[in-house]
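**Student:** My questions concern the predicted model and sequence given below.
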Amino acid sequence: MAECGIILAGGFATRLRPLSYTKPKPLFPILGKPVLDWVIEKVAEVAEPVVSARYLSYVIRSHINARWGQRVRVVEEDRPLGDGGAVINAVRSLGVRGPIVVANGDVFTDLSVKRLWEFHRRAGAAVTIALIEVPQEEVGRFGIAVLDEGGRIRRFVEKPREPVGSNLANAGFYIFEPEAVREFPELNSGEVKIAKHIIPRLMEKFDIYGYVHRGLWFDIGTHADYLKANFAALDRCDVCSPEVPGAKIIPPVYIGEGATVGAGSVLGPYAVVGAGAKLGPHVRVRESVLMDGVVAEAGAYIHRSIVGEGAVLGRWTRLVEAVVADGVYVKDEVYVGRGAAVGPNREVEQDVKDGEILP
């Protein structure tokens with residue numbers, strides 16, 4: 001097995017603002033469980049997990065201590081290092097000498113790290129990268145690998161601007177043998193990127209293999225992608241058709257522990273209600289994620305929206321394709337429009353126009 005599994009959880013998550021002002025991206029919940037926990041469970045199949053954190057690292061450390069205790073270590077970055085720099089920092093800090101698994105802490109997937117490890121060992125590879133097929137029109141968003149018939153990566157292009165003959169994207173999971181780790185560059189004043197600085201360097205010396213995962217995979221980097229990840233998880237959920245007396249449930253719907261739903265409310269399809277949430281009577285929620293502790297009072301309507309932890313939506317409020325961050329109070333009868341976003345810990349007394357941003 002690998003000596004350690006380094007989980008990268010240091011990014012700023014700028015595209016998830018305003019939600020990410022108070023919540024680091026790896027702690028965004030998928031069906032009530034932070035995506036970081038999903039990744040830790042995967043990595044723990046073959047290695048002791050180590051989380052590398054920087055942005056809101058104290059929040060991540062607090063969560064790790066409460067949820068995982070001594071089973072998961074946290075290494076904090078003293079400055080932005082890039083994903084490659086974070087790996088180098090963790091390896092050097094911990095004195096790692098054996099093979100390592102590296103995983104992005106903001107990816108929701110059903111990829112089996114155990115199977116990835118078994119493929120890597122069978123191939124006798126120095127480096128293996130997990131790959132996922134993406135639509136051709138999205139190729140420019142990712143690092144793209146071109147494989148030969150034996151599964152070796154012949155070419156790796158980061159965010160190509162022109163077609164490269166492949167739609168196999170970097171899935172954010174890697175295995176590095178010690179001889180590859182020894183070739184990592186030294187940390188300097190700049191950031192080190194895995195795809196830009198480490199992989200090209202290693203391809204000059206080693207055969208790098210690609211493991212193609214054909215299953216669930218989402219980078220939750222945008223509000224839309226975050227919703228899609230939750231909806232995909234709902235589709236595969238075995239306990240997402242709950243019965244709630246007095247309310248109508250249109251599956252799939254996830255309701256967290258301790259949440260309450262008032263009479264006459266209608267939830268679903270594709271509704272996620274976090275733990276401890278309180279929905280009043282005649283609340284309508286569809287294609288939306290409500291995080292832990294959300295309060296939606298009588299007659300609130302939430303469609304294709306994300307509502308942050310502890311937010312309160314007053315009576316007859318309407319959210320349509322909107323984002324409301326942690327701790328917001330939206331007063332009675334206020335409308336938050338399409339593409340609008342409300343920053344954390346605000347009181348909203350007037351309608352928020354379509355596309356308006358309240359930081």
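**Tutor:** On my side now, so go ahead.
**Student:** contacts, neighbours, all on C-alpha from now
**Tutor:** OK.
**Student:** domain parsing for this structure?
**Tutor:** By the assignment in automatic domain parsing, the chain contains the domains 4-223, 246-358.
**Student:** which stretches of the chain form helices?
**Tutor:** Assigned helices in the chain, in chain order: 35-43, 57-67, 82-94, 113-123, 178-181, 199-203, 223-235 (criterion: DSSP state H).
**Student:** hang on, the earlier thing: out of the domains of the chain, nearest to Asn230?
**Tutor:** Taking Cα to Cα as the measure, the domains of the chain were each checked against Asn230, and domain 4-223 came out nearest at 5.4 Å.
**Student:** Mean neighbour count added to the domains of the chain, as TSV?
**Tutor:** Output for the domains of the chain, formatted as TSV (neighbours: other Cα atoms under 10 Å):
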stretch	mean neighbour count
domain 4-223	19
domain 246-358	22
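**Student:** mean pLDDT lowest for which of these?
**Tutor:** Of all those, the segment with the smallest mean pLDDT is domain 4-223, scoring a mean of 92.
**Student:** quick one: contacts for Gly262?
**Tutor:** Residues counted as contacts of Gly262 (Cα atoms under 8 Å, 6 or more residues apart in numbering) are 246-247, 279-283.
**Student:** quick one on the thing from earlier: can you add distance to Ala145 and give the helices of the chain back as CSV?
**Tutor:** What follows is the helices of the chain, written out as CSV (distance: least, Cα to Cα, whole Å):
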stretch, distance to Ala145
helix 35-43, 23
helix 57-67, 32
helix 82-94, 18
helix 113-123, 16
helix 178-181, 19
helix 199-203, 11
helix 223-235, 22
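**Student:** do you know which of those lies nearest Ile153?
**Tutor:** Each of those has some distance to Ile153 by Cα to Cα; the shortest is helix 199-203, at 8.5 Å.
**Student:** show me where the stretch 51-200 of the chain has strands.
**Tutor:** Read by DSSP state E, counting those that start in this stretch, the stretch 51-200 of the chain holds these strands, from start to end of the chain: 73-76, 100-104, 107-109, 127-133, 143-147, 153-158, 168-176.
**Student:** which neighbours does the shortest one have in its sheet, and in what orientation?
**Tutor:** What it means is strand 107-109. In the sheet containing strand 107-109, its partner strands are strand 217-219 (antiparallel), by DSSP bridges.
**Student:** which residues touch the strand it pairs with?
**Tutor:** Residues from elsewhere that reach strand 217-219 (Cα under 8 Å, 6+ apart): 106-111, 132, 171, 225-226, 228-229.
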